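1. Next one to model:
(2 chains)
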Amino acid sequence: MLRVPAIATLVIAAILLIHWLTAWAGAHHKLEAVDPLPEGRANYRITLDFPPERFHQLLLQDKGRLVGVRGNVVDMMDVEPGALRDIAGWYWVTSVARWSGS
Amino acid sequence: MSTAAIAIPTRAARRPWPWARAAKGAIGVLLLLVAWQVSVPLVGLNSYFYPAPSDVVAAFADLIRKGILPVYLADSLLRYLAGLTAGAVLGISLGVLIGLHRRVSLALSPLLRFMFAIVEVAWIPIFVVWFGYGLKTIILALVYVVFFPVLYNTLLGVRTAPQLLVNAVRSLGASRLQVLRLVILPAALPGIITGLRVGAGFAFRGLVFAEIIAAKTGIGYLIFEGTQTQQTARTIVGMIVMGLLWLGMDQFYLRPLERATVQRWGLLVEAEQRT
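-> Prediction:
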């Protein structure tokens, strides 16, 4: 009788799982460029597929100190390794790279 | 008790094929889209004032590509579910309490009727003053919206529970709790589910209002932000997503739940035919 809600829930769970797996695989691939990750905070250059909007800047500000935006590139300082993994997991982030901070 | 009002749904009436029903519905949507697209050059306004369906599709794809829509959708859904759950729990609890105790009913009814008349939009600025912008304010607004329909439908269900059955169970030595569990709550269940369905619909409206005023993410905020940044197509995307969310919620969760409850506890034939 409640087959429809059960199927709908399974479909939603499957979509979330696929999303999570894709994000995990994407993050793994993007983080190869900065492997091995430093233990402490570091500076990174984040490249997007498009110029960041306010939404992206606010999200990135939660993960570290956003110090500059030029075109599709965002410069960030004091980013924790865990926060960098989160950033790399977002599908709209094309690449992450170390940045000297100058 | 009238036997005409109660009937066990035993008939094996032929139901229309669900995909055929969906296809008929899709034709209406398609016609609207075609009329909309055709009207754009005739109206001759720019896309800020009157975006074409193709602009809306492009905005939808852009919002997905940029990761904005999934985050806004997830935020809105979490707020919605939290507000709906809290409002439903509160409404059902108080509905049962008021339904069972006359003194509580007398004490609370005027206040509840007074509060019911004040729409949630009027409360949101006060909530912002008390709790600031963000989650607390949005969830409180949703609780307020969901609470009243659930409360009044629960109350109706509790008060219309068959007294004959209550007396019968009592005469067999059932305690008050057993009467509640075995007779009153099952009898009130169709009313509770109906209240939940109405409250769930109202909650979407509350969500849009609350997110416009008190949030920086969410579908309601997207609707507001679209007009602020002169991206009207994004506003329309937000409106369409909100409508689709409600359709999905109603079709895949609330309707089957209501049907199952009515079949199990309510036995009203009309309810099945209506859906």
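2. So the lengthiest helix in chain A, near chain B or not?
-> The longest helix of chain A (DSSP state H) is helix A:3-31. Yes. Contact of helix A:3-31 with chain B (CB under 8 Å from any CB of the partner chain) involves A:3-5, A:7-8, A:19. (C-beta placed from N, C-alpha, C; glycine too.)
3. Provide the contact partners of the next helix or strand after that helix at residue level.
-> Moving toward the C-terminus from helix A:3-31, the next helix or strand (DSSP states H and E) is strand A:42-48. Residues from elsewhere that reach strand A:42-48 (CB atoms under 8 Å, 6 or more residues apart in numbering or on different chains): A:34, A:56, A:60, A:64, A:72-79, A:84, A:87, A:92-101.
4. ok, now which ones touch the spatially closest residue to B:Gly220 that is not a sequence neighbour?
-> Take B:Gly220 and drop its neighbours on the chain: the residue closest to it by CB to CB, 6 or more residues apart in numbering or on different chains is B:Glu211, 2.7 Å away. By CB under 8 Å, 6+ apart, the contact list for B:Glu211 reads B:76, B:79, B:138, B:217-221, B:224.
5. Per-residue confidence at B:Glu211, what does it come out as?
-> Among the per-residue scores, B:Glu211 shows a pLDDT of 93.
6. picking that back up, which member of the contacts of B:Glu211 is positioned nearest chain A?
-> Nearest to chain A among the contacts of B:Glu211, counting by CB to the nearest CB, is B:Thr217 at 7.7 Å.
7. Mean confidence (pLDDT) on the one helix or strand B:Val158 maps to, please.
-> B:Val158 belongs to helix B:135-159 when elements are defined using DSSP H and E. Here helix B:135-159 scores 94 as its mean pLDDT.
8. Quick check: next helix or strand after that helix?
-> Defined by DSSP H and E, the subsequent element after helix B:135-159 is helix B:163-171.
9. Can you give the contact residues for that following helix?
-> B:1, B:178-179, B:182-184, B:187.
10. Try it again at 6 Å.
-> Residues from elsewhere that reach helix B:163-171, judged by CB atoms under 6 Å, 6 or more residues apart in numbering or on different chains: B:179, B:182-183.
11. what's the nearest residue to the residue of the stretch 151-275 of chain B found nearest chain A if we skip its chain neighbours?
-> Nearest to chain A in the stretch 151-275 of chain B, going by CB to the nearest CB, is B:Phe252, at a distance of 3.8 Å. Closest residue in space to B:Phe252, ignoring its immediate chain neighbours: A:Ala8 at 3.8 Å, by CB to CB, 6+ apart.
12. my guess is that neighbour meets B:Gln251, correct?
-> No. Contact criterion CB atoms under 6 Å: A:Ala8 and B:Gln251 do not qualify, at 8.6 Å.
13. so where does the nearest residue to B:Thr261 once chain neighbours are set aside fall, helix or strand?
-> Leaving aside its sequence neighbours, B:Thr261 sits nearest to B:Ile193 (CB to CB, 6+ apart; 4.6 Å). Here B:Ile193 sits within helix B:185-214, counting by DSSP H and E.
14. Okay, buried residues for that helix please.
-> Buried positions in helix B:185-214, judged by neighbour count with 16 or more other CB atoms under 10 Å in any protein chain shown: B:185-214.
15. Over to stretch B:149-169?
-> Applying 16+ other CB under 10 Å to stretch B:149-169 flags B:149-159, B:161, B:165-166, B:169 as buried.
16. Around chain A, pick out the residues from chain B.
-> Contact residues, chain B versus chain A (CB under 6 Å from any CB of the partner chain): B:66-68, B:252-253, B:256, B:260.
17. at 7 Å instead, please
-> Residues of chain B lying near chain A by CB under 7 Å from any CB of the partner chain: B:65-68, B:252-253, B:256-257, B:260.
18. Ranking by neighbours, what's the top pick from those?
-> B:Ile68 (22 neighbours; other CB atoms under 10 Å in any protein chain shown).
19. Spatially nearest residue to that residue (excluding sequence neighbours)?
-> Leaving aside its sequence neighbours, B:Ile68 sits nearest to A:Phe55 (CB to CB, 6+ apart; 5.2 Å).
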